[in-house]
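In: quick one: sequence and predicted model below, then my questions.
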Amino acid sequence: MRSYYQHHVFFCLNQREAGENCCANYNAKAMQEYAKKRCKELGIAGGEGRVRINKAGCLNRCELGPVLVVYPEAIWYTYVDEHDIDEIIDSHLLKGKPVERLMVDR
């Protein structure tokens, strides 16, 4: 069965109680918004056969945070800033080559 989207990206935006580690503590919302904007600018965002950038609640991997996951490959990434997001978009989403240095499950 073929996936509806070429790539479906979920950013964990979970906010936990004060003091607990969570993706929201690492600027995850801004990075998700940046990725969505950049994919639109590149013309790869949209419906069937395109890229979809979504928000997610807790993905239960906060100890690795911040995290995002790209489907249908189920590749999990961590990131620090827009440069890392750009690398994931340019290498994985555009060229189909996962970014090993940012993968959390190697």
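Out: Yep, it's here. A quick note: this is a predicted structure, and the numbers were derived from the prediction, not measured.
In: quick check: longest helix of this structure.
Out: Counting by DSSP state H, the longest helix found in the chain is helix 28-42.
In: just checking, what packs against it?
Out: If you count contacts as 3 or more CB pairs under 8 Å, 6 or more residues apart in numbering; DSSP states H and E, helix 28-42 packs onto strand 7-12, strand 51-56, strand 67-71, helix 82-87. C-beta coordinates here come from the backbone N, C-alpha and C atoms, glycine included.
In: outside of the first one, which residues touch it?
Out: Translated: strand 7-12. Strand 7-12 is contacted from outside by 23, 28, 31-32, 35, 51-59, 61-62, 65-73, 92-93, using CB atoms under 8 Å, 6 or more residues apart in numbering.
In: can I have the buried ones of those as a ChimeraX selection?
Out: Per 16 or more other CB atoms under 10 Å, the buried members of the contacts of strand 7-12 correspond to this ChimeraX selection:
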select :23,28,31,32,35,51,52,53,56,59,61,62,65,66,67,68,69,70,92,93
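In: the residue nearest the centre of the chain and Glu48: what is the separation?
Out: A centroid search over the chain (CA atoms, centre = their mean) returns Leu68, at 3.6 Å, as the residue closest to the centre. Going from Leu68 to Glu48 by CB to CB, to the nearest Å gives 22 Å.
In: cool, and Lys55?
Out: 21 Å.
In: go on, Tyr71?
Out: For Tyr71, the distance to Glu48 - CB to CB - is 15 Å.
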